[in-house]
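Asker: Based on what follows, work out the 3D shape:
(one chain, ligands or ions: 3)
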Amino acid sequence: MLLLVSTLLSRQGHDVDTAESLDELELDPDRLNVDLVILDYRLGRSTGLDVIRLLMTRSALPQVILLSAADRSSVLGAVEFGRSCGIKMLGVLEKPLDANALLRVVNQLQSSFQTISSGDIREAMNSSHFLLAYQPKLCLETGRLTGVEALARWHDPELGLVAPDRFITTAEKDGQIIPLTWQLIELALVQQSRWRQSGIHLNMAINLSPAVLETSDFIPQLMRRLAAYAVSPESITLELTETHGIRDMDKTIITLKHLRDQGFTIAIDDFGTGNASMLQLYRLPFNQLKIDRAFVTDCVGDDRAQSIILMVVDLASRLGLSVIAEGIETLEQAHHLKQVGCDSGQGYFFSRPMYTDRFEAWYENFGKKITDMEGVSWHTLQQVIQ
Ligand code: G
Ligand code: G
Ligand code: MN
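Answerer: Ligands and ions are numbered 1, 2, ... in the order given. Got it, this is the predicted structure:
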C-alpha cells in the first residue's frame with residue numbers, strides 16, 4: 001500500500017515521505033510537517049488513532065485521509081476523534097484503493113492551497129465562471145419566505161469551486177471587485193425578472209463591498225440596470241459587508257441616504273464582529289441589521305451569546321431597524337430567535353444556498369407552501385422542511 005500510494009503521488013509531482021510505523025514518526029515528529037497525511041488505519045501494533053494522538057501534539061496540523069479495510073465503526077470513530085481535536089479529516093478511502101478517488105481528493109486539496117491571482121479573476125470574469133447561489137430568508141413569525149441572498153460562486157474548470165473568501169479579498173485589493181460586482185448584480189437582476197415573470201416575487205439581497213459604493217456613478221448605474229430589467233428598488237436589499245473598510249465616510253453616508261430614499265433596504269452585514277461595529281451603525285443610515293453567525297451558533301445554551309442577541313435585537317428596535325439572523329442551523333435556534341423578537345432568519349436549517357434549478361425545486365416543494373400558509377406553526381414548518 002505504501003509503495004502504491006507513494007508511487008502514484010510522486011508521479012503526479014508531489015513530495016512524498018513514507019513511514020512504516022508509529023515508532024519511526026515518534027523518533028522524528030518533524031516529519032509530520034506536511035500538508036496531507038494519508039494514514040492506514042491498521043499499523044501493526046498501533047492504529048491510525050495513535051498517529052492522530054501524535055499529530056495533536058504538533059502546532060501545525062496537516063489534513064488527514066484514512067485508508068481502511070478495518071471495520072467501519074472504529075474507522076469512523078477515528079474520524080470523529082480527529083475532528084474533535086480540530087484536525088481536518090478529509091475522509092476515508094476504502095481498500096482496495098481506488099487510485100482515481102485518491103487523486104481526486106489530493107488534487108482538490110492542492111487547488112485549495114493555490115492562491116488566487118488578479119489574472120485568474122480577470123479570466124474568470126471574461127469566461128463567465130462566476131455564478132450566484134441563492135439562500136432563502138424567512139420571516140420567523142409566520143415562516144413565510146421573504147427573499148433570498150445572492151452569494152457569489154466561482155466554478156473554475158481547473159480549480160473546481162472557489163469559495164468567495166478566496167477571491168473577494170483579492171478582488172477588493174486590486175479593484176476588480178467593482179466590475180465583478182456589476183457582473184453579479186446583472187446576474188441577480190436577470191434572475192429576479194425571470195422569477196417575477198413566472199410569478200415568484202422575492203426580495204433579492206446583494207452583497208456590496210464599501211469600495212463599490214464609493215465609485216462616483218454607483219447610483220445612476222444601478223438605477224439604469226434596475227430600469228432595464230423593470231426591477232423596483234423596493235425589491236432589492238443591499239448588504240454592506242466589511243464596513244470597517246469604508247474610506248470616505250461622508251460620501252458613503254450621502255450615497256446610502258439616497259439609496260434608502262429610493263426605496264432600497266440597506267443592511268449592515270455581519271453585525272457584532274470586528275468588521276461591523278457600533279460606530280458604523282451610528283453613523284450610517286441602515287434600515288436592517290444582520291446578526292453575525294457567531295452569536296447565532298451559540299444562542300441556545302450559552303447565556304452570554306443570548307445576552308448579546310437580546311441586546312442587539314433591542315438596539316435594532318430602538319433604532320427602527322429590522323433584524324435578520326444568519327447561520328440558523330437548528331429548530332431550537334430558530335425558535336429562540338423568534339422568541340426574542342428577531343424578524344427574519346437565514347441558514348442551513350431552512351436551506352443551504354442553491355443554484356437556480358435547485359432553488360426552483362425547493363420553492364415548488366417548500367418555499368411556495370409556506371408562502372401560501374398564513375401563520376404557519378413551527379411544528380408544521382419543521383415537518384415541511386425535514
Ligand atoms: O457562502 P459564503 O461562503 O457564500 O460567503 C462568504 C462571504 O463572502 C460572505 O460573508 C459574503 O458576504 C461574501 N460574499 C459572497 N458573495 C459576495 C459578493 O457578491 N460580494 C461581496 N462583496 N461579498 C460576497
Ligand atoms: O454575507 P453573509 O455573511 O451573510 O453570507 C452568509 C455566509 O454564511 C455564506 O458564506 C453562507 O454560505 C454561509 N451560511 C449560510 N447559512 C449558514 C449556516 O446555517 N451555517 C453556516 N455555518 N454557514 C452558513
Ligand atoms: Mn451577506
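
Asker: Now do the SS call for the closest residue in space to Leu25 that isn't next to it in sequence.
Answerer: Distances taken as CB to CB, 6 or more residues apart in numbering place Ala19 nearest to Leu25, at 5.2 Å, with adjacent residues excluded. Quick note: C-beta positions are derived from backbone N, CA and C, even for glycine. Under the three-state scheme (DSSP: H, G, I helix; E, B strand; the rest coil), the conformation of Ala19 reads as coil.

Asker: Go ahead and confirm Ala19 touches Leu27.
Answerer: No. Under the criterion of CB atoms under 8 Å, Ala19 makes no contact with Leu27, lying 9.6 Å away.

Asker: quick one, what contacts Thr47?
Answerer: By CB atoms under 8 Å, 6 or more residues apart in numbering, the contact set of Thr47 is 41, 74, 78.

Asker: unless I'm mixing things up, Val208 is touching Thr237, no?
Answerer: Not quite, residue 208 is Leu, not Val. No. Taking CB under 8 Å as the definition, Leu208 is not a contact partner of Thr237, at 10.1 Å.

Asker: circling back to that earlier point, Ala19 and Leu27 - which one has more neighbours?
Answerer: Counted by other CB atoms under 10 Å, Ala19 and Leu27 do not tie: Ala19 has more neighbours, with 17 against 10.

Asker: of the contacts of Thr47, closest to ligand 3?
Answerer: For these, the residue nearest ligand 3 by CB to the ion is Ala78; the value is 36.6 Å.

Asker: hang on, the closest one in a helix?
Answerer: Yes. Ala78: assigned to a helix according to three-state DSSP.

Asker: any residues touching stretch 347-367, and which ones?
Answerer: Stretch 347-367 is contacted by residues 131-136, 138, 145, 148-149, 151, 153, 191, 200, 293, 296, 325-331, 333-334, 384-385 when judged by CB under 8 Å, 6+ apart.

Asker: Just the ones in strands from the residues you listed, please.
Answerer: Using DSSP state E to define strands, the subset of these located there is 131-136, 138, 145, 148-149, 151, 153, 325.

Asker: Among those, name the ones that also lie close to ligand 1.
Answerer: Leu151 (CB under 6 Å from any ligand atom).

Asker: So among the ones in strands among the contacts of stretch 347-367, which ones count as buried?
Answerer: If you count burial by 16 or more other CB atoms under 10 Å, the buried members of these come out as 131-136, 138, 145, 148-149, 151, 153, 325.

Asker: how about Arg42, what does it touch?
Answerer: 48, 68-70.

Asker: Could you do Thr181 as well?
Answerer: The contact partners of Thr181, taken as CB under 8 Å, 6+ apart, are 208-209, 212.
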